[in-house]
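[1] give me a 3D structure for the following:
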Amino acid sequence: MITQKSITIVKSTAPILAECGEKITEHFYRNLFKQHPALLHIFNQANQKTGRQKTALANTLYAAAQSIDQLNMLLPAVKQIAHKHRSIGVKPEHYPIVGEFLLNSMKEILQEKATDEVLAAWKEAYDAIASVFIAVEKELYEEANNKRGGWMDYKEFIITKKVAETKDVYSFYLKPVDNEPLPSFLPGQYVSIRVSVPCETYSSIRQYSLSDEPNNSYYKITVKREQGVEEGVVSAYLHDQLQEGDRLEFSAPAGDFILQDHDKPVVFISGGVGVTPIISMLKQALKEEKDVTFIHSTTNSSTYIMKEEINELSAQYSFRKYIAYSQPIINDREEKAFDREGRIGAEQLKSWCSNTDALFYICGSPSFTKSMIHALKDINVSGSAIQYESFGPKMSMSVSE
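    Purely as a prediction, here's the structure:
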């Protein structure tokens with residue numbers, strides 16, 4: 001519990017955090033890693049170098065300051081972040097370290113504004129929030145370990161098949177080295193992989209969606225080669241270096257972007273590689289004979305990931321399928337292989353989603369996801385009916401914006 005005095009003080013710091021949040025988080029990460037370099041094995045270094053992580057943490061601090069008197073408003077974000085923490089191996093002993101360095105950074109950056117009273121209030125708030133994370137993550141660790149075939153932390157898998165989906169996307173089929181049955185997962189979940197890339201000082205962890213329906217014999221991930229120098233380190237390693245027979249370390253499946261147990265119609269909206277968790281959910285929804293609409297946006301047929309697999313599902317099951325190409329090629333036009341040229345907006349969604357009393361699942365880049373959320377709100381879809389996942393650290397994005 002947080003005292004009312006501390007709640008009032010923390011809320012009063014929201015404007016300061018809006019102004020100085022990224023300065024605080026930049027200082028925090030720099031000093032944390034200087035004193036505890038082993039943590040670099042856990043944190044995504046690409047996100048550190050591009051600055052995305054400091055922005056994400058600054059947004060989180062600001063949100064905490066605004067909602068500290070209504071912690072229930074933070075619970076959805078807590079659950080989402082806790083899944084990732086469990087997936088990458090965050091443990092209870094990490095929280096006091098993070099809290100110490102975060103408060104020190106507040107004191108250093110805010111100077112006279114960081115009075116003893118302010119720092120004491122934030123320590124109380126941090127300890128309360130950390131205790132919630134620790135409790136939720138404990139449950140997630142136990143759940144992952146207690147499943148049939150489950151495990152703690154990381155486990156070795158062998159690549160049994162490597163398939164080119166497009167020129168810059170590969171799918172990897174993996175089985176556990178110990179040949180034990182695999183625990184099931186919920187359609188939409190992801191796994192973390194841990195790799196030691198040659199010439200990199202620290203190990204790297206990345207999350208990839210499980211891009212097939214649950215089964216007991218293999219996991220499948222589908223990886224797009226990232227173009228940035230920092231972002232592309234792991235995907236380039238997977239694409240160029242790893243072959244069938246090589247091994248990877250996986251953590252158990254995680255994530256709360258999942259197909260809900262509900263009788264309402266479902267609408268899947270994906271952009272680019274965002275189709276990877278959606279296809280798992282799509283297969284499950286079709287097996288359950290749900291009323292399904294599938295909407296996918298990509299550049300053209302050459303970038304349409306798992307196109308043949310989705311077309312096979314369309315031939316086997318009855319569901320509405322709409323494809324938008326932003327830059328169709330000649331063959332696409334000749335074959336009439338798409339339903340819209342250009343980006344998807346509210347008007348198009350209204351045409352394709354005649355029944356808006358449905359559950360909507362969106363996945364893609366942060367910009368794509370945000371634009372789809374706003375487009376759905378423009379056609380009067382309730383925020384409670386929208387679930388989304390965007391690839392990369394969570395920025396300021398909400399169905400209530």
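
[2] please count neighbours and contacts with C-alpha atoms only from this point.
    OK.

[3] break this structure into its domains for me.
    4-146, 154-251, 266-390 (automatic domain parsing).

[4] looks to me like Tyr361 is in a strand.
    Yes. Under DSSP: H, G, I helix; E, B strand; the rest coil, Tyr361 falls within a strand.

[5] okay but it is in contact with Ser384, surely?
    No. Using CA atoms under 8 Å, Tyr361 is not in contact with Ser384; the gap is 11.3 Å.

[6] export the domains of the chain to TSV and tack on mean neighbour count and mean pLDDT?
    What follows is those, written out as TSV (neighbours: other CA atoms under 10 Å; pLDDT from 0 to 100):
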stretch	mean neighbour count	mean pLDDT
domain 4-146	17	91
domain 154-251	18	92
domain 266-390	18	95
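
[7] export those domains to a markdown table and tack on distance to Leu259?
    Rendered in a markdown table, the data for those read as follows (distance: least, CA to CA, whole Å):
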| stretch | distance to Leu259 |
| --- | --- |
| domain 4-146 | 15 |
| domain 154-251 | 6 |
| domain 266-390 | 6 |
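
[8] right, and these - which one's nearest Phe257?
    For Phe257, the closest of these is domain 154-251, at 5.6 Å, according to CA to CA.

[9] chain center to that closest one, what's the gap?
    Domain 154-251 sits 15 Å away from the centroid of its parent chain (CA atoms, centre = their mean, to the nearest Å).

[10] got the phi/psi numbers for Pro253?
    With angles defined as degrees, to the nearest 10, Pro253 sits at phi -50, psi 150.

[11] ok, now which ones touch the closest residue to it other than its chain neighbours?
    On the basis of CA to CA, 6 or more residues apart in numbering, the spatially nearest residue to Pro253 that is not a chain neighbour turns out to be Val191, at 4.7 Å. With contacts defined as CA atoms under 8 Å, 6 or more residues apart in numbering, Val191 is in contact with Ser87, Gln207, Tyr208, Ser209, Leu210, Phe250, Ser251, Ala252, Pro253, Ala254.

[12] for those residues, which one is nearest Tyr170?
    Proximity of the contacts of Val191 to Tyr170 was ranked by CA to CA; the top entry is Tyr208 with 11.9 Å.

[13] helices or strands next to whatever helix or strand the closest one lives in in the packing?
    Here Tyr208, judged by DSSP states H and E, is contained in strand 204-209. Strand 204-209 is packed against strand 190-195, strand 219-224, with contacts defined by 3 or more CA pairs under 8 Å, 6 or more residues apart in numbering; DSSP states H and E.
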